[in-house]
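**Q** here is a sequence together with a model predicted from it:
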Amino acid sequence: MSDHTSTPLVTGSNAPRVDLRSDTVTKPDEGMRRAMYEAELGDDVYGEDPSVNCLEDMLAERLGKDAALLVSSGTMGNLTALLAHCGRGEEVIVGRGYHVAAYEAVGSSVLGGIAICTIPVEADGSLSPDRISAEVKPDDSHMPVSRLVGLENTHNGMAVPLDRIAESANAARSAGLSVHLDGARFFNAVTALGCAEQDLSDLVDTVSLCLSKGLGTPAGSVLTGPSDLIERARRYRKMLGGGMRQSGVLAAAGLYALEHNVERLAEDHLRAARVAAMLEEAGAGTVEQSTNMVFLTPRDGLNDAFRAHMAGCGVVVGGGSAGAIRLVLHKDIDDPAIEDVLAGMLDFFAHCPGH
Ligand SMILES: *Cc1c(COP(=O)(O)O)cnc(C)c1O
């Protein structure tokens, strides 16, 4: 389950007041819209958009990398990174449920002739260094050339500890591979780990991060890394049709988000913990929570009944008729909204069959 699970959204007068499907649903607030309105603009394909240049320089510096590139989406961030790291007939080793392997329409294989070698993801969201080492191919004309390891943090909301990232990265490096981090929720990871941004980014060669999830911009992701790699990624961005012109309107939203919406991610994590605690107390089923996400597998297969009840309370949740329901906390859910959510849930589990 991810940001593609499309529980249909009711529109019009029945529109939900609280959307828990994903942190991608956040809308730019007044301050962000004002920053977009006031942004200084130029043509970014000419390298002349001051707002884009400012955002790229700021993120490169914050993450301790040479350079950065604004792209349209997290998918494009990962794709340009993989194309820049790997040539045709080369492979990236990634976790089986990682976004790059599972939710990007295998763009790197389709467009770049890159093989995706998947290995199981460990319970903490990391990749085992032994499994990585075991998958690196020998120099043999029967096989692809192993070039890159792709890590992900956070993964399904789990903030993977720095030492686990370091172990995976070391296994990659000692076999001569580079390391890309899909940090769509990079700042959620850093917030939960309580570390400096560079403590995480220093462990890998390239990082892609999303501005449009918890940070709340309408669109945009940024890839950071060494200058030669970012220059190659820039060419691929153009090739993919991702060369945007006055994209400073998006960069300005990103700059605003970096200033106003990073520290507040801790509030989303606290609210997620509160929702999880309440669900556990109510005996709702199996509950797992990390950073801004709660996964609830309702007892007695009550998925559809739970979803319908919550919809009646103006709350839309993700997931299918079986398995876990995903509840994602974000900037557009404040404390009064959380009270609605908690009241609706308590009411359901106090009165549903089996009690
Ligand atoms: C959302 C997400 C992406 C892709 O971002 P889009 O902007 O939706 O293309 C990549 N990786 C992870 C882990 C994500 O959660």
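**A** That came through fine. Residues are numbered from 1 along each chain as shown.

**Q** who does Glu91 form a beta bridge with?
**A** When bridges are called by DSSP bridges, Glu91 pairs up with Ala115, Ser146.

**Q** could you shift the numbering so residue one becomes 6, and keep it that way?
**A** Let's use 6 as the start, then, which means that last one is Glu96.

**Q** that one and Cys122 touch, don't they?
**A** Yes: contact criterion CB atoms under 8 Å: Glu96 and Cys122 qualify, at 5.0 Å. Bear in mind the C-beta positions are built from the backbone N, C-alpha and C, glycine included.

**Q** who's more crowded, these two?
**A** The neighbour comparison of Glu96 against Cys122 (other CB atoms under 10 Å) goes to Glu96, with 22 against 19.

**Q** on the three-state scheme, Val154 is what?
**A** Under the three-state scheme (DSSP: H, G, I helix; E, B strand; the rest coil), Val154 adopts strand.

**Q** shared neighbours of Glu96 and Cys122, anything?
**A** Listed as contacting both Glu96 and Cys122 by CB atoms under 8 Å, 6 or more residues apart in numbering are Pro149, Ser151.

**Q** give me the distance between the residue of the stretch 56-205 of the chain found nearest the ligand and Phe191.
**A** Relative to the ligand, the nearest point of the stretch 56-205 of the chain is Gly79 (2.3 Å; CB to the nearest ligand atom). Look at Gly79 and Phe191: by CB to CB, to the nearest Å, they are 10 Å apart.

**Q** need the residues touching each of these two.
**A** Leu214, Cys215.

**Q** circling back: show me the contacts for the residue of the stretch 56-205 of the chain closest to the ligand.
**A** By CB under 8 Å, 6+ apart, the contact list for Gly79 reads His104, Asp187, Ala189, Ser213, Leu214, Cys215, Ser217, Lys218, Ser226.

**Q** 10 Å instead, please
**A** Taking CB atoms under 10 Å, 6 or more residues apart in numbering, we find Gly79 in contact with 8, 29, 104-105, 108-109, 187-190, 213-218, 225-228.

**Q** Thr291 sits in which helix or strand?
**A** Secondary structure from DSSP states H and E places Thr291 in strand 290-295.

**Q** once you drop chain neighbours, what's closest to Pro303?
**A** Excluding its sequence neighbours, the residue lying closest to Pro303 (CB to CB, 6 or more residues apart in numbering) is Gly290, at 4.3 Å.

**Q** how close does that neighbour get to the ligand?
**A** According to CB to the nearest ligand atom, to the nearest Å, Gly290 and the ligand sit 24 Å apart.

**Q** which ones are touching that residue?
**A** 284, 300-308, 311, 329-330, 354.

**Q** how about a cut-off of 7 Å?
**A** Contacts for Gly290 (CB atoms under 7 Å, 6 or more residues apart in numbering) come out as Leu301, Thr302, Pro303, Arg304.

**Q** ranges for the strands of the stretch 206-355 of the chain?
**A** Secondary structure of the stretch 206-355 of the chain by DSSP state E, counting those that start in this stretch: the strands cover 211-215, 226-230, 290-295, 298-303, 320-321, 330-333.

**Q** what sits against the residue lying closest to Met163 once chain neighbours are set aside?
**A** Counting by CB to CB, 6+ apart, Met163 lies nearest to Gly130, which is 3.8 Å off, once chain neighbours are set aside. By CB under 7 Å, 6+ apart, the contact list for Gly130 reads His160, Asn161, Met163, Val165.

**Q** mind running it again at 6 Å?
**A** By CB atoms under 6 Å, 6 or more residues apart in numbering, the contact list for Gly130 reads His160, Met163, Val165.

**Q** ditto for Thr31
**A** For Thr31, the contact set (CB under 6 Å, 6+ apart) comprises Gly221, His335, Lys336, Asp337.

**Q** pLDDT at it, what is it?
**A** pLDDT recorded at Thr31 is 95.
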